[in-house]
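Peer 1: Here's a sequence, model it:
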Amino acid sequence: MAYENIIYEKRQHIAYITINRPERLNAISPPTQIELWDALIDFRNDDDSWVVIMTGAGDRAFSAGHDLKWGSEHPGESPDWGHNYQSDPERIGLAGALPTEIWKPMIAAVNGYAAGGGMEMTLHADIIIASEHAQFGVPEVRNVGGLPGAGGIFRLPRQVPYKVAMWMLLSGQYLSAEYMHNVGYVNEVVPHEKLMETAESYARLLTANPPIGVQTSKEVALRSLDLPLDHPRTAWEYLWEGTTAKMRNSEDSQESRRAWLEKRPPVFHNR
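Peer 2: Now for the predicted structure:
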């Protein structure tokens, strides 16, 4: 696919996806959403890409969410995504909804506003690095009398304390990067000029680990998140049966042990 609304690059096991619509605060139009999905599916399927960093062009916004102007500018062209897209990891959905079964680490480098669908994109990330001036919010209730319908209504209460999630959902107010760091949603807050450098340092630390082990850890953690631990025996099944066998029997797992014993840096091949 030829990308017109995003920039998609790959370097040294790291994929980079930049929403490139700074004149619209990197708002997500339907064509932009299609390009985001295409890039993320390509990242998911590329055995040589182990981590992705998502960001927005410029310093004003990571993404302002759904591009409300696009519909009026393109009457009759807005797609009908349907309502059950999140139950199918291959089915594209509303702005802010991303493929749901990507077990590789996803880093969001948030520069400015992460609003609405932009905030929902960060809810898909495993790690968030934020500029000092970043703002996080789901303003749908205040702006359009709605709610974050691309999964944010479900994911937000699972990722921040309940009272914080309720304030965000019911008030539509924005919260600062420092506040979101204090409640554990943001991993690190840095000056804007250090944003991508810091995100890349996190990505390099992740690529220094065996990718099969990293991906299996994420898959087990997410698949078992809402399952009981002991009765019935469900969450533990993901840890010891099937899913982790490929990790335990992998070449990279053996290489990790050899390198540790031989006191040398490991060389991983994602096998």
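
Peer 1: which residues are in contact with stretch 9-20?
Peer 2: Contact partners of stretch 9-20, identified using Cβ atoms under 8 Å, 6 or more residues apart in numbering, comprise 5-8, 26, 28, 32, 36, 39-40, 43, 46, 48-57, 62-63, 200, 203-204, 207, 211. Every C-beta, even on glycine, is put in place using the N, C-alpha and C of the backbone.

Peer 1: Same check on stretch 262-271?
Peer 2: With Cβ under 8 Å, 6+ apart, stretch 262-271 has contacts from 47-48, 50, 208-212, 250-252, 255-256, 258-260.

Peer 1: How far away from the center of its chain is it?
Peer 2: What separates the centre of stretch 262-271 from the centre of its chain is 27 Å, taken as Cα atoms, centre = their mean, to the nearest Å.

Peer 1: From the opening residue of that stretch to its closing one, how far?
Peer 2: 20 Å (Cα to Cα, to the nearest Å).

Peer 1: Could you list the buried residues of that stretch?
Peer 2: Residues of stretch 262-271 classed as buried: residue 268 (neighbour count, 16 or more other Cβ atoms under 10 Å).

Peer 1: Stretch 161-170 too?
Peer 2: For stretch 161-170, burial by neighbour count (16+ other Cβ under 10 Å) applies to 164-165, 168-169.

Peer 1: Repeat that for stretch 215-234.
Peer 2: Buried residues in stretch 215-234, counting neighbours by 16+ other Cβ under 10 Å, are found at 215-216, 218-220, 223-224.

Peer 1: re earlier: just the ones in strands from the contacts of stretch 9-20, please.
Peer 2: 6-8, 51-56, 62-63 (DSSP state E).
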